[in-house]
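**Q** Need coordinates for the following:
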Amino acid sequence: MSFNKKIIGVDEALGLVKSGMHIVSGLGAAEGALFLGSLHKLAGKVTDVSVTTCLPMRQFEYMTDEKCVGTFNQDGWFFNSTLRKSFSLGNVSHVPQQLSTAAFKRIWHKKPNIYIGNCSLPDKHGFVSLGVSDTYEKYVIENSDIVILEANPAVPRTDVNYFISGEYDLPEIPDGECNEKDIAIGNKIAEYIEDGDCIQLGIGGIPNAVGKALYSKKHLGVHTELFTTEMMNLTRAGVIDNSLKNVNKGKSVTTMILGTRELYDFVDDNVGVEVRDGRYTNDSYVIGSNDNMVSINTTLEVDLTGQCCSESLGSKQFSGSGGQADTAIGAQKSKNGRSFIALYSTANVKTDGEKREEVSKIVAQLKPGAAVTLSRNDVQYVVTEYGVADLRGCNIRERVDRLVNIAHPKFREELLRQAYELGIVAKKTR
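**A** Numbering: from 1, shown residues only. Alright, predicted model coming up:
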């Protein structure tokens, strides 16, 4: 079927939605913005429609309008500010998962009726590229009753039922400035990265700071779930060349791309960057197949035994598991692999009213209801601006001592006291 015969308008696409259906959207910048931006028009016309998203980049009206509560149930694989703002409506919920198995587990529970995402314009042979993400998209497409793609010239270079022709800018995440803590942590982690290592980085001040500290390295490789602007810069500088990788040699492998417009232009038709299914990129055995694999992730809170809460503030969902466990465990399966979990030693949090209080992010016990994203069994290095704690193989007493030593100095004595009082360790009698 030719491209032109498959083009429909947004309103016609909305007409395909029936009560009780399950709609799955592309991840992040791969979301179908025209379709999702018009979904609120169905309020009151259909009921009990489930919409599953991951890292939605826009605050669509169907998520925020109270009139849509009876029509849509919004589920998120990965919470961000968009979903946190909508949570109070009562029809938003989180789907716990690891990135590598997210689509498989979700489809097992609830079959997708409609997949909506974006793609590149078709080439002269009618082929399109899913562009900035194949984390779960192709797998969902293969298992959906109806596939709708928004063909967008902004998407860089799959049986499809319908195309919506549209042109809009892809969401961008600008390069953030690294603060003193980011730089201190980034430099500490960079000391552990060697020439020829294969790296995985995320988005944020700490991962950016790690990247900026790597320009003296040589022959780095990339096997990551997210290809970032800093990785682009390192590639242009010749630091990343993927020449020593065991798997996918010569290519930076990722499952999603999110960053600046410059990054999207860089990956367009770039054979050196390969977007693969998340079931492949985040398979811990595939990750471990590259020697010298280094995984770098961040967390919100770490307890004195090494449990990492990276996705919730107590019982309130803040983000999601993403691929943290996949990559942290995978890196430790690698020959000479290393896994880092980084966080600031403290945070300023609101207490009563507008008052703020500095608290330790290394704690005796996680907040009540906190989700353990990475178990203490799977943690290796924990890093703050005060140092690096290697927990792999350590007993609990050793973990307490090492984590207290990288906590903010003003909280160290209190953390030790709590460790004794809670029975995490017994106080030595001599």
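
**Q** Could you pull out the helices in the stretch 301-430 of the chain for me?
**A** With DSSP state H, counting those that start in this stretch as the definition, the stretch 301-430 of the chain shows helices at residue ranges 324-333, 396-405, 409-421.

**Q** Deepest in the core, which of the ones you listed is it.
**A** The highest mean neighbour count among those, using mean count of other C-beta atoms under 10 Å, belongs to helix 324-333: a mean of 24. Where you see a C-beta, it was placed from the backbone N, CA and C, and this is true even at glycine.

**Q** Go ahead and measure how far that helix is from the middle of the chain.
**A** Averaging C-alpha positions (C-alpha atoms, centre = their mean, to the nearest Å) puts helix 324-333 14 Å from its chain's average.

**Q** swap in stretch 279-292?
**A** With C-alpha atoms, centre = their mean, you get 17 Å for stretch 279-292.

**Q** Mean confidence (pLDDT) on it, please.
**A** Taken as a whole, stretch 279-292 has an average pLDDT of 95.

**Q** Then stretch 395-415?
**A** pLDDT averaged over stretch 395-415 gives 96.

**Q** got it, and stretch 42-54?
**A** 93.

**Q** Buried residues in that stretch, which are they?
**A** 42-43, 46, 49-54 (16 or more other C-beta atoms under 10 Å).

**Q** same thing with stretch 55-74?
**A** For stretch 55-74, using 16+ other C-beta under 10 Å, the buried residues are 55-57, 60-63, 68, 71-74.

**Q** same deal with stretch 171-183?
**A** 171-173, 175, 178, 181-183.

**Q** Name the spans of the stretch 251-400 of the chain whose pLDDT lies under the cut-off.
**A** 352-353 (pLDDT under 70).

**Q** to the chain's geometric centre, what's the distance from stretch 200-214?
**A** Counting by C-alpha atoms, centre = their mean, stretch 200-214 comes out at 14 Å from the chain centroid.

**Q** start to end distance for that stretch?
**A** 13 Å (C-alpha to C-alpha, to the nearest Å).

**Q** likewise stretch 374-391?
**A** Stretch 374-391 has its terminal residues 13 Å apart, counting by C-alpha to C-alpha.

**Q** again with stretch 348-359
**A** 6 Å.

**Q** same deal with stretch 188-205?
**A** Using C-alpha to C-alpha, the end-to-end distance of stretch 188-205 comes out at 14 Å.

**Q** Closest to D390 out of the buried residues of stretch 55-74?
**A** Of all the buried residues of stretch 55-74, D390 sits closest to L55, with 31.3 Å by C-beta to C-beta.

**Q** Which element, helix or strand, includes the closest one?
**A** Assigned by DSSP states H and E, L55 falls within no helix or strand.

**Q** looking at it, it is touching G28, isn't it?
**A** Yes. The pair L55 and G28 qualifies as a contact (C-beta atoms under 8 Å) at a distance of 4.5 Å.

**Q** So what pairs up with V382 in the strands?
**A** When assigned by DSSP bridges, V382 has beta-bridge partners I341, A389.

**Q** Now for the residue nearest to V46 when sequence neighbours are not counted: which residues touch it?
**A** The shortest distance from V46 to any non-neighbouring residue, by C-beta to C-beta, 6 or more residues apart in numbering, is to S19 (4.5 Å). If you count contacts by C-beta atoms under 8 Å, 6 or more residues apart in numbering, S19 has them with 46-49.

**Q** among the residues you listed, which are in strands?
**A** V49 (DSSP state E).

**Q** now the contacts of S19 as a markdown table including distance to A237?
**A** Below are the contacts of S19 laid out as a markdown table (distance: C-beta to C-beta, whole Å):
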| residue | distance to A237 |
| --- | --- |
| V46 | 52 |
| T47 | 54 |
| D48 | 52 |
| V49 | 47 |
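
**Q** tell me the centre residue of this protein?
**A** For the chain, G322 is the residue whose C-alpha lies nearest the centre (C-alpha atoms, centre = their mean; 4.5 Å).

**Q** possible to save the buried residues of stretch 171-183 as a markdown table with secondary structure, pLDDT and distance to A419?
**A** Output for the buried residues of stretch 171-183, formatted as a markdown table (DSSP: H, G, I helix; E, B strand; the rest coil; pLDDT from 0 to 100; distance: C-beta to C-beta, whole Å):
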| residue | secondary structure | pLDDT | distance to A419 |
| --- | --- | --- | --- |
| P171 | coil | 76 | 44 |
| E172 | coil | 82 | 44 |
| I173 | coil | 80 | 39 |
| D175 | coil | 75 | 40 |
| C178 | coil | 90 | 32 |
| K181 | helix | 96 | 25 |
| D182 | helix | 96 | 29 |
| I183 | helix | 96 | 30 |
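
**Q** Confirm for me that the residue nearest to the centre of the chain is in contact with L99.
**A** Yes. Using C-beta under 8 Å, G322 is in contact with L99, at 5.5 Å.

**Q** rewinding a little: reformat the helices of the stretch 301-430 of the chain as JSON lines; add distance to N143.
**A** Output for the helices of the stretch 301-430 of the chain, formatted as JSON lines (distance: least, C-beta to C-beta, whole Å):
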{"stretch": "helix 324-333", "distance to N143": "21"}
{"stretch": "helix 396-405", "distance to N143": "43"}
{"stretch": "helix 409-421", "distance to N143": "48"}
